[in-house]
Structures are given as structure tokens and as C-alpha cells.
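Engineer: What follows is a predicted structure for the sequence shown.
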Amino acid sequence: MFTGLIESVGEVADLSAIAGGYLLRIATDLAGDFRQGESISVNGVCLTVVKTDPGSFSAEIGPETAKVTSLGSLHAGSLINLERAMQANGRFGGHLVLGHVTAPAPYRRSAPRPSSPG
């Protein structure tokens, strides 16, 4: 589970095709705290750490995840939002989100924000 609050901004160090999808390597100062098998929210998508190195970690992205999320448009140098999984014994500080994609939703339009009074 995640709170939905961005903990850090990482940078895509490498994205390469592998059998069954893609291998994503992300440079971040949080990498020293990650362990293999840990869930990490990457741009709001739950991924599993498959490898850690000093200053970076790697996760695999399946073809369907790449297709229906923003992860499919990443490239080396892309900045991404990161969040570690929530611990049950800590303060949530946000709301509960799973990070699992259930369905794509079309983007219809955006509207300018109203200016604040004052």
C-alpha cells in the first residue's frame, strides 16, 4: 500500500527490452534503502525491485503495464516520482492507494485553473 505522497524524484538511467517486457534502472538517493522484492511506486505504478546497486535500483515492466501507464513513454533522462511502500506502524500522512492499474482512462481535456482571489 502507498500513501500517494511523492517521497523522491528519480531519474531513468536505462530502459532496455528483455524477454517479457522491459528492464528499468532508476537512479535515486533512496536506492540504498531498497531490497530485492520490495514494492516501489514509480509514477504511481507499483513495481518490484529486482536488483539494487549503489545509487540505483532496477525493476521489470510488463508489456501491458508499459501499454496502459506512463511507464511506456519513459526514456533515459526521464524524471519520475518515487514512493516506498507504507509501513503499517507509521503515520500515513496521505491516503491509501494500491498502485495497481485496473483500467486505462481516456484523457478528454483540461481547463485552466481559476485564479485565486487576492
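Structural biologist: Yes, it's here.
Engineer: buried sites along stretch 73-84?
Structural biologist: Using 16 or more other C-beta atoms under 10 Å as the burial criterion, the residues of stretch 73-84 that qualify are L74, S78, I80, L82, E83, R84. Backbone N, C-alpha and C define where each C-beta goes, glycine included.
Engineer: okay, now the closest residue to the first one other than its chain neighbours: neighbour count?
Structural biologist: Read it as L74. Closest residue in space to L74, ignoring its immediate chain neighbours: V12 at 5.2 Å, by C-beta to C-beta, 6 or more residues apart in numbering. When neighbours are counted by other C-beta atoms under 10 Å, V12 registers 19.
Engineer: now Q87: how far from E38?
Structural biologist: Distance of Q87 to E38, computed by C-beta to C-beta, to the nearest Å: 12 Å.
Engineer: the more surrounded of those two?
Structural biologist: Legend: neighbour count by other C-beta under 10 Å for Q87 and E38, higher for E38 (15 against 9).
Engineer: so the more buried one touches L47, yeah?
Structural biologist: No: counting by C-beta atoms under 8 Å, E38 stays clear of L47, with 9.6 Å between them.
Engineer: is the most centrally placed residue in the chain in a bridge, and if so with what?
Structural biologist: Geometric centre of the chain, nearest residue: V42, 0.5 Å, by C-alpha atoms, centre = their mean. The bridge-partner assignment for V42, based on DSSP bridges, gives V45, L82.
Engineer: pLDDT at it, what is it?
Structural biologist: For V42, the pLDDT comes out at 95.
Engineer: Which residues are in contact with it?
Structural biologist: G10, L24, I26, A59, L71, I80, N81, L82 (C-beta atoms under 8 Å, 6 or more residues apart in numbering).
Engineer: neighbouring contacts of the strand ranked longest in the chain?
Structural biologist: The residue-count maximum for a strand in the chain (DSSP state E) belongs to strand 8-18. Identification of contacts with strand 8-18 by C-beta under 8 Å, 6+ apart yields 22-30, 42, 56, 60, 74-83.
Engineer: hmm, back to that, any chance of the buried residues of stretch 73-84 in a markdown table, plus distance to R109 and pLDDT?
Structural biologist: Listed next are the buried residues of stretch 73-84 as a markdown table, based on distance: C-beta to C-beta, whole Å; pLDDT from 0 to 100:
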| residue | distance to R109 | pLDDT |
| --- | --- | --- |
| L74 | 25 | 95 |
| S78 | 25 | 96 |
| I80 | 25 | 95 |
| L82 | 29 | 96 |
| E83 | 28 | 92 |
| R84 | 34 | 89 |
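Engineer: I appreciate the help and will end here.
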